[in-house]
Each structure stands twice: as structure tokens, then as C-alpha cells.
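Chemist: One predicted model, sequence on top.
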Amino acid sequence: MNSDASPYQPPHSAITPIAPPQFGELNIFSTRGRLGRVRYIGYSIGLVLLVYLFIAILGGAVLALVRPHDGNEAFQWLGGGAVILLVLVMLAASLLLTIQRLHDFNASGWWALLMAVPVASFVLYLVLLIMPGTQGSNRFGYPPPPNTLGVILLASILPLIFVLGIVAAIAIPAYQNYKVRAQALIIQRPPSHSLPLNSRDSFPGSPFDEYRHRPRSGDSRFVRCARSGWGG
């Protein structure tokens, strides 16, 4: 070993260049590829919002073209068929997204058939939200590319939906209970205009009681007091 070698001289061994990370291609209309958790949530929410937007536009167009009393049901059937078609497209796209999300943690895409089972679909959805993807490549390809800002913003709507759902679950029953109690109070207490005149005059100290004891112009006591100068 040469003790005179400078510690600042460059190393003599060859430096192996580090290969850049490889990512898979994104194609939501395919059963191939992988999809991460955040992108799966963002794409699912974006798909639902897009379908609702088309349904709202289509419903407004049908209402603008069809008059209630025209008897023309062709546009109504056309609008209903278009809505059914949009829903089927949304279900098909959601199935493809589920398959790619299963591929991300090296699971078979056939597990997506559990979406047709009521209880199992909920369990599958929780697994898709919780299970992290495989680090690096697996048998279904390279990992998905990093999430973009738009995907992150769309995925952030899901916690907001959960919060709004909890608030609605608490506020709606409380409002219904308030309406029931208010209606019960209205039924139990009759309105004031339904009381007879005698009952309103019978409260001592009320304006009606004072008016009842005032002398009237046709009263004989009033006439006698007037002639006698009110007792003078």
C-alpha cells in the first residue's frame, strides 16, 4: 500500500451508472398495468363526477326539449337510455380500475368479480384503499408513475365525502326530530282566533275585561249618570 497517495485523488475503480427508475404506462381502458392507491381513488372520483355531469346536462336538455303536456315520450325514452348507457360505461371503467389496482399489489384481477357480491364488495374496496403496492416491478409490470397534482386533489375529495356523510347522518335525524316536535306542539295548542269571545273576555286584568266593564252608550246606567251630571 502506498502511504504517499493523496486522499483527495479520484478513485481508480469504475463507477457504474445508476439506471433511472422505470414506470409503467397508464391506460384506464385496459386490463393490463398497475394503478396506485391515490390514483385509483382520484380516477374513481373523477369518473363519477364526469358521469354525473353528463347526466345533468342530458337531463337539462331533455327538460328543455320536452313539454309536460305534449305527449312526446321519444325524448324521455332517449334520455333514459342514455343515462343507462352512461352508468354501464362507468361500471365497466370502474371494473378496469379495480383490476389494475389489484395488479399493483401482485394480486389477480379475477378478484374484481367480488364487486358483484354485496358484502364482499365492501371488503374488497377497503383492501384496495389500504393495501400498498409492490415496491418495484412484479408479474404485472413496472410500478405506476408518480402522482400528479390533479390526481392528489381529486383523491382528497374522498375524506371530505366521509366528513360530509357523518355530518349529514347526525344533522338529518336531528332536523326530522325537530320537525316532529314542532308539529306536535302546533297540534296540541289551538290557534288564538278559535277561542270564543266570552272566553277571551273572562280573563281578569286583560284588555277584554276592562272593555267589558266600560259603560256603553246604550246602557241605562250611562244615560242616568249623564242626566244627573255623573252623580253631581
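Modeler: In hand now; what should we look at?

Chemist: tell me the domain boundaries of the chain?
Modeler: 37-155, 195-232 (automatic domain parsing).

Chemist: Which of those domains comes out lowest on mean pLDDT?
Modeler: Of all the domains of the chain, domain 195-232 carries the lowest average pLDDT, namely a mean of 50.

Chemist: And the nearest residue to residue 35 once chain neighbours are set aside, which helix or strand is it part of?
Modeler: Closest residue in space to residue 35, ignoring its immediate chain neighbours: residue 100 at 3.8 Å, by Cβ to Cβ, 6 or more residues apart in numbering. (C-beta placed from N, C-alpha, C; glycine too.) Assigned by DSSP states H and E, residue 100 belongs to helix 74-104.

Chemist: could you check the angle helix 74-104 makes with the helix or strand following that helix?
Modeler: The C-terminal neighbour of helix 74-104 among helices and strands, as given by DSSP H and E, is helix 118-130. Calculated by axes from the mean of the first three to the mean of the last three Cα atoms, to 10 degrees, helix 118-130 forms an angle of 60 degrees with helix 74-104.

Chemist: Check which helices and strands helix 118-130 sits against.
Modeler: Contacts defined by 3 or more Cβ pairs under 8 Å, 6 or more residues apart in numbering; DSSP states H and E place helix 118-130 against helix 37-65, helix 74-104.

Chemist: Who are the packing partners of the longest one?
Modeler: Right, the one you point to is helix 74-104. helix 37-65, helix 118-130.

Chemist: among the ones you listed, which is the most enclosed?
Modeler: helix 37-65 (a mean of 16; mean count of other Cβ atoms under 10 Å).

Chemist: Which other helices and strands does that helix contact?
Modeler: helix 74-104, helix 118-130, helix 149-155, helix 157-188.

Chemist: so which of those helices gets nearest residue 50?
Modeler: With Cβ to Cβ, the closest approach to residue 50 among the helices and strands packed on helix 37-65 belongs to helix 74-104: 8.4 Å.

Chemist: Next, the buried residues of the closest one.
Modeler: Going by neighbour count (16 or more other Cβ atoms under 10 Å), the buried part of helix 74-104 is 79, 82-83, 86, 90, 93-94, 96-104.

Chemist: so how far is the first residue of stretch 108-115 from its last?
Modeler: Its start and end residues considered, stretch 108-115 measures 14 Å (Cα to Cα, to the nearest Å).

Chemist: Return the set of buried residues in that stretch.
Modeler: Under the neighbour-count criterion of 16+ other Cβ under 10 Å, stretch 108-115 has 109, 111, 112, 114, 115 buried.

Chemist: outside of that stretch, which residues touch it?
Modeler: The contact list for stretch 108-115, computed with Cβ atoms under 8 Å, 6 or more residues apart in numbering, reads 31, 94, 95, 98, 99, 100, 102, 103, 120, 121, 123, 124.

Chemist: and which of those is nearest residue 137?
Modeler: Scanning the contacts of stretch 108-115 for proximity to residue 137, where the rule is Cβ to Cβ, the winner is residue 103, at 11.2 Å.

Chemist: list the contacts for residue 83?
Modeler: Counted by Cβ under 8 Å, 6+ apart, residue 83 has contacts 55, 58, 59.

Chemist: still on that earlier bit, reformat the helices and strands packed on helix 118-130 as JSON lines; add distance to residue 152.
Modeler: Below are those laid out as JSON lines (distance: least, Cβ to Cβ, whole Å):
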{"stretch": "helix 37-65", "distance to residue 152": "6"}
{"stretch": "helix 74-104", "distance to residue 152": "17"}
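
Chemist: so which of the ones you listed comes closest to residue 172?
Modeler: Nearest of these (Cβ to Cβ): helix 37-65, 21.2 Å.
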